[in-house]
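Asker: Please work out how this folds:
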Amino acid sequence: MKLIKSNFSYDLLIIGGGISACVFASKYLKNNITKKVALIEIGRGLGGRSSTRISKRFRGWELNHGAPNFNISNSKNNPLLKNYIDELVENKFIKIDDSEIFFLNEDSNLDTIKKSEFSSGVNYLSLDSMSQLSQNIIDSNNLKSKIDFYFETFIVDLKFNDNEWVLTSKDGNKFKSKYIICSTNLLLHKRSLKILNINQIPLRKAIPINNDKKIDLLLNFLDKQSFIPRLTFLIYTNENYSFKDFYNKKQRYFYLKNSLENKYKFERIIFQMQDNNKLGIVVHSRNIEFINNHINAIDENVLKQKIITNFNKLFEDNSVINKLTFDEKFSIMKWRASQPCGVGVPLSLQFISKYRIGFCGDWFEGNGFGRIEGSILSALLLEKKFKI
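Answerer: Numbers count the residues shown, from 1 in each chain. Model prediction:
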């Protein structure tokens with residue numbers, strides 16, 4: 001059957017459905033309710049890397065498999081960011097996360113002195129799931145009906161003709177708009193060449209070199225930016241699995257020091273209590289050799305045995321964590337979009353008026369680079385600059 005291709009026209013298109021896109025959309029539409037706006041997201045819902053896996057195989061489980069919470073390291077010196085975080089707290093979208101955070105040393109003993117980039121400053125936890133936080137931000141001020149959502153829609157090509165953007169999705173649909181916002185940098189970064197199987201970065205194709213100095217600078221910075229690859233393992237424990245102690249908060253975090261991370265291939269382990277009191281475990285790995293060896297693993301059971309064996313060895317003599325059995329349920333999240341690292345893009349390159357394009361996300365320089373703090377702040381700053 002031949003698929004019918006469609007054309008859609010808007011005043012503003014937002015590419016990506018992560019937290020930065022949701023923050024920008026909610027703040028922008030609050031003052032521009034007459035504008036026709038759409039949000040395009042490759043996934044099945046909002047959240048981006050701050051996502052929640054609602055398992056189809058294992059009913060009743062909701063695990064935050066990207067960012068389980070988020071931290072704000074520097075809001076005291078930034079009233080714009082502070083006021084927005086206060087607003088999220090007042091709306092009861094988030095609360096201060098007082099969960100226990102442990103740092104495991106070489107002997108796998110508990111050390112609460114060290115700090116992680118994910119835990120400095122003040123930690124916050126969504127009162128719902130992390131995906132629901134993005135949805136709540138969009139729903140605030142009754143703005144949800146003002147946005148058209150296109151989920152499971154993958155943009156593969158950009159064109160700028162006659163002061164209008166034309167975006168083409170993988171299935172051939174075209175989206176036209178006077179302005180666009182890129183909250184993802186996939187269409188701007190060299191990694192798009194492999195992922196999209198193309199020979200030219202989409203933004204570079206749309207705006208050739210030497211046409212705009214700011215675009216050239218933006219792409220030069222992004223060319224130097226790299227990403228931390230990750231595999232995330234989700235463990236759905238058996239009904240009788242619990243902590244050794246009587247800890248009853250929603251989450252519990254364990255970070256591994258470098259020597260332990262190299263030995264066990266785990267970066268951090270998050271225990272997540274479910275509404276039915278079952279205990280889910282999310283294991284993050286950023287070990288490149290381990291990821292390369294297992295990213296295309298065919299036999300999931302072999303990988304499961306490896307993860308559970310390492311888990312049990314890591315917590316063998318731990319005073320609060322019980323061992324796992326090999327009949328725990330298990331799934332894998334393979335990240336295509338991962339944490340940016342290295343060079344941050346200057347915030348001065350967020351908006352290019354000549355080409356009616358704006359950018360936000362955690363890939364901009366500053367205290368929040370690579371984290372949700374950066375996503376939120378860049379969105380707030382862009383909204384102030386973006387006037388149409």
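Asker: ok, for Gly366, nearest residue in space, not its chain neighbours?
Answerer: Spatial nearest neighbour of Gly366, chain neighbours left out: Gly374 (6.0 Å); criterion: C-beta to C-beta, 6 or more residues apart in numbering. Backbone N, C-alpha and C define where each C-beta goes, glycine included.
Asker: In three-state terms, how would the one you found be classified?
Answerer: Following DSSP: H, G, I helix; E, B strand; the rest coil, we place Gly374 in the helix state.
Asker: got the contact list for it?
Answerer: Residues in contact with Gly374, defined by C-beta atoms under 8 Å, 6 or more residues apart in numbering, are Gly361, Asp362, Trp363, Phe364, Gly366, Asn367, Gly368.
Asker: Could you work out the most separated pair of these?
Answerer: Greatest spatial distance among those (C-beta to C-beta): Gly361 and Asn367, at 14.9 Å.
Asker: list the buried ones in the helix or strand that Val302 is a member of?
Answerer: Counting by DSSP states H and E, the element that carries Val302 is helix 300-314. Within helix 300-314, the residues that qualify as buried by neighbour count (16 or more other C-beta atoms under 10 Å) are Leu303, Lys304, Lys306, Ile307, Ile308, Asn310, Phe311, Leu314.
Asker: give the contact list for the second one.
Answerer: For Lys304, the contacting residues are Phe326, Phe330, taking C-beta under 8 Å, 6+ apart as the criterion.
Asker: That one and Ser55, how far apart?
Answerer: When C-beta to C-beta, to the nearest Å is applied, the distance between Lys304 and Ser55 equals 15 Å.
Asker: same deal with the fourth one?
Answerer: In this view, Ile307 and Ser55 are 17 Å apart by C-beta to C-beta.
Asker: now the first one
Answerer: When distances are taken as C-beta to C-beta, Leu303 and Ser55 turn out to be 17 Å apart.
Asker: who touches the residue nearest to Gln132 when sequence neighbours are not counted in this structure?
Answerer: By the measure of C-beta to C-beta, 6+ apart, the closest residue to Gln132 outside its immediate chain neighbours is Ser126, 6.5 Å from it. For Ser126, the residues meeting the contact criterion (C-beta under 8 Å, 6+ apart) are Asn69, Phe93, Ile94, Gln132, Leu133.
Asker: Tell me what Ser126 is bridged to.
Answerer: With DSSP bridges as the criterion, Ser126 is bridged to Ile94.
Asker: returning to that earlier point: could you dump the helix holding Val302 to CSV, C-alpha only?
Answerer: Extracted in CSV, the C-alpha atoms of helix 300-314 (Å, rounded to 0.1, in the frame of the first residue of the first chain):
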residue,chain,number,x,y,z
GLU,A,300,20.4,-10.9,25.8
ASN,A,301,20.7,-13.7,28.4
VAL,A,302,24.5,-13.8,28.1
LEU,A,303,24.6,-10.0,28.7
LYS,A,304,22.1,-10.4,31.6
GLN,A,305,24.3,-13.0,33.3
LYS,A,306,27.4,-10.7,32.9
ILE,A,307,25.5,-7.7,34.5
ILE,A,308,24.1,-9.7,37.4
THR,A,309,27.4,-11.4,38.1
ASN,A,310,29.2,-8.0,38.2
PHE,A,311,26.4,-6.5,40.3
ASN,A,312,26.7,-9.3,42.9
LYS,A,313,30.5,-9.1,43.1
LEU,A,314,30.3,-5.3,43.5
